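*Asks:* sequence plus the predicted model coming up.
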Amino acid sequence: MKVAVASQGSDVNDHVASRFGRTCYLVIVDAASGEFTVHENSGKLKTAHTAGMQTAGAVVSLGVDAVITGGIGPKAFATVRAGNVAVYTVAPETVADAIEKFKAGRLQPSHEANMREHWK
């Protein structure tokens with residue numbers, strides 16, 4: 001299973017980003033092997049209204065099964081879910097800790113966005 005984690009940095013020891021759409025990095029982790037790759041997402045940081053949907057589209061195109069983030073807005077949530085990607089939200093912690101919780105079944109899938117639209 002491939003999991004995308006919105007991350008503040010390019011390593012599993014960095015913290016999970018609090019805002020999915022404006023995350024600097026997407027750390028893609030193979031939950032079985034623990035191997036990971038990093039995809040830079042900084043190009044979406046200056047996007048006015050569609051950063052969340054663009055990041056969600058990138059996640060879906062990477063073929064992941066789940067995404068872990070600190071917070072996700074309604075449009076990004078809908079886009080990720082339309083791509084059959086499960087969403088998990090976590091409190092501030094490292095990417096590695098979030099992945100361990102995911103693998104241990106200690107994270108519950110989110111059924112709705114946990115942030116408002118940025119521009120409202």
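*Replies:* Everything's here; your move. Please read these numbers as outputs of a predicted model, since none were measured by experiment.
*Asks:* got a list of contacts for the helix or strand bottoming out on mean pLDDT in the chain?
*Replies:* Scoring the helices and strands of the chain by mean pLDDT, DSSP states H and E places helix 51-61 at the bottom, with a mean of 90. Contact with helix 51-61 is made by 4, 6, 20-23, 26, 39, 41, 44-45, 47, 67, 72-73, 75-77, 79-80, 82-83, 85, 118, as judged by CB atoms under 8 Å, 6 or more residues apart in numbering. (Glycine included, C-beta is placed from N, CA and C.)
*Asks:* name the helices or strands packed onto the helix or strand just after that helix?
*Replies:* Toward the C-terminus, helix 51-61 is succeeded by strand 66-69 as the next helix or strand (DSSP states H and E). In terms of contacts (3 or more CB pairs under 8 Å, 6 or more residues apart in numbering; DSSP states H and E), strand 66-69 is packed against strand 2-7, strand 86-89, helix 95-103.
*Asks:* so what strands line up beside the shortest one?
*Replies:* Within its sheet, strand 86-89 is paired with strand 66-69 (parallel), according to DSSP bridges.
*Asks:* run the chain-centre distance for the partner strand.
*Replies:* 4 Å (CA atoms, centre = their mean, to the nearest Å).
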